[in-house]
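1. could you look at this predicted model? Sequence included:
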Amino acid sequence: MQHAQIGSTCQYHRANTRKIGYGSIGEDFQAAITNRGDYTGNDTVAARRVYMQYTAFLENPSNYARFRERLHIILRLTHNHIVKYHKVAVCPTLVGANFEFLMDYYPGGSLKTRIETMKNSKTLLDPSRAVQYSIHLADGLSFLHQNNLTHGDLKPENVLIECAGDGRPEKLLISDVDGLVTLLRDAISSLSLWHGRSSARYQSPEILGAFTIAAREDVWSAIPGAKTDVWSLGSIMLDLLRCITGDHQEVLRNPVTGKVMGQERRLGSMEFQAAVVVHGCIPVVNAPPPVPPQLAECVRCCLQVHVNERLSAEELLRKLDYCAL
């Protein structure tokens, strides 16, 4: 594969000693713009280097063509709550191609880190801020879906925080919208990547495994779609509800039998997956004061077992806007 650059004409230097995170497909490093070209953003950016074991997939011409088609869409996206991608660089090496994404850098870190910090410090989240966070994510997700894109791997690790400053309020942005995880899952023709790399707690039942509830065998599909993203967003919003009350106990309930799991101890990842796939359990949404009842209802509308009963991202955004009034 030849050298290729898709997107901005800028040049950058990646600082290997400044790793700022890692994800399902690669590692993120802080980088600096060395030649701006047509780039008009900040001098400090983030560069994601795709793990070498996945680049062989992209070296296949057919797979790369699919990937490139999505990238051309992603690079054109500009939205207040979606991390901006600027370019993709493809550089051949002796052992295979090296793929790197260049995107905006947000020193505020991820929502996962923010939630863990609040849990460890026993800090409570203001209800109005939980509503605003949810609006930010629903707004970004709705925009993706309006552009016929699904995320497929939405979880707190893939939500970044832009800190307040210079008159700007704090805001959340959805990251990892490149879709490479989805393409890899399709290529592998199994859900092993999904199960191993992605947190089961944010994946919908139809992704975790096909199973039957209440004798309805026609509702499941293992193909990620817009309603899959909505379940994931609902799971993130449930985390925010727990941050409001400080009660981070994760409880699952079977909607048919009423059986409850997770009250005695926290379920492990595989236990959680089995509870959802085998027993048909769904997260319990508790909403004691000061949780806004409308926000809790929005979460319940996202965490519907049957795909067609979930809200769309656009419908969710309208309900959340009403919560903010």
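-> Perfect, I can see it now.

2. contacts only, for Asp178.
-> Residues in contact with Asp178 (Cβ atoms under 8 Å, 6 or more residues apart in numbering) are 70-71, 74, 85, 101. In short, each C-beta sits where N, CA and C put it, glycine included.

3. ramachandran angles for it?
-> Main-chain dihedrals, Asp178, degrees, to the nearest 10: phi -70, psi -20.

4. hey, where'd the helices end up in the stretch 101-250 of the chain?
-> Taking DSSP state H, counting those that start in this stretch as the test, the helices found in the stretch 101-250 of the chain are 111-121, 127-146, 180-188, 192-197, 205-208, 226-245.

5. rank those by mean pLDDT and give me the bottom one.
-> Lowest mean pLDDT of the helices of the stretch 101-250 of the chain: helix 192-197, a mean of 44.

6. dump the residue contacts of Phe101.
-> If you count contacts by Cβ under 8 Å, 6+ apart, then Phe101 has 26, 47-48, 50, 85, 87-88, 178 around it.

7. need the max-distance pair from those residues.
-> Gly26 and Lys87 (15.1 Å; Cβ to Cβ).

8. go through the contacts of Asp178 and flag which are in helices.
-> 70-71, 74 (DSSP state H).

9. may I ask which helix or strand of the chain has the lowest mean pLDDT?
-> helix 192-197 (a mean of 44; mean pLDDT, DSSP states H and E).

10. which stretches of the stretch 201-325 of the chain form strands?
-> All strands of the stretch 201-325 of the chain, identified by DSSP state E, counting those that start in this stretch, fall at 252-253, 260-261, 282-283.

11. distance check, the spatially most central residue of the chain against Gly23.
-> Closest residue to the average C-alpha location of the chain: Leu154 at 1.9 Å, with Cα atoms, centre = their mean. According to Cβ to Cβ, to the nearest Å, Leu154 stands 12 Å off from Gly23.

12. next one: Leu173
-> Taken as Cβ to Cβ, the span from Leu173 to Gly23 is 15 Å.

13. likewise Phe99?
-> Distance of Phe99 to Gly23, computed by Cβ to Cβ: 13 Å.

14. related to what we said a few turns ago, check the contacts of Phe101 against Asp166 and report the nearest one.
-> For the contacts of Phe101, the nearest to Asp166 is Tyr85 (23.4 Å; Cβ to Cβ).

15. pretty sure the closest one contacts Leu77?
-> Yes: between Tyr85 and Leu77 there is a contact at 7.4 Å, judged by Cβ atoms under 8 Å.

16. any common contacting residues for the two?
-> By Cβ under 8 Å, 6+ apart, the residues touching both Tyr85 and Leu77 are Val177.

17. of these two, which one has the most company?
-> Shown here are Tyr85 and Leu77; by other Cβ atoms under 10 Å, Tyr85 has more neighbours (22 against 16).

18. what sits against that one?
-> 7, 71, 74-75, 77, 101-103, 177-178.

19. repeat for Gly140
-> Taking Cβ under 8 Å, 6+ apart, we find Gly140 in contact with 79-82, 172-174.

20. I'd like to know which of those are part of strands.
-> Residues of those located in strands (DSSP state E): 172-174.

21. out of these, who has the most neighbours?
-> Leu172 (26 neighbours).

22. pretty sure that one contacts Pro156?
-> No: here Leu172 lies out of contact with Pro156, judged by Cβ under 8 Å, at a distance of 9.9 Å.

23. what's the overlap in contacts for those two?
-> With Cβ under 8 Å, 6+ apart as the test, Leu172 and Pro156 both reach Leu111.

24. worst average pLDDT in the strands of the stretch 201-325 of the chain?
-> strand 260-261 (a mean of 88).

25. for that strand, name the packing helices and strands.
-> Using 3 or more Cβ pairs under 8 Å, 6 or more residues apart in numbering; DSSP states H and E, the elements in contact with strand 260-261 are strand 252-253.

26. direction included, what does the strand it packs on pair against?
-> strand 260-261 (antiparallel), strand 282-283 (antiparallel) (DSSP bridges).

27. would you turn those strands into JSON lines with distance to Cys243 and mean neighbour count?
-> Listed next are the strands paired with strand 252-253 as JSON lines, based on distance: least, Cβ to Cβ, whole Å; neighbours: other Cβ atoms under 10 Å:
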{"stretch": "strand 260-261", "distance to Cys243": "22", "mean neighbour count": "16"}
{"stretch": "strand 282-283", "distance to Cys243": "15", "mean neighbour count": "20"}
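
28. neighbours around the spatially closest residue to Thr123 that is not a sequence neighbour, how many?
-> Leaving aside its sequence neighbours, Thr123 sits nearest to Thr117 (Cβ to Cβ, 6 or more residues apart in numbering; 7.4 Å). Thr117: 11 surrounding residues under other Cβ under 10 Å.
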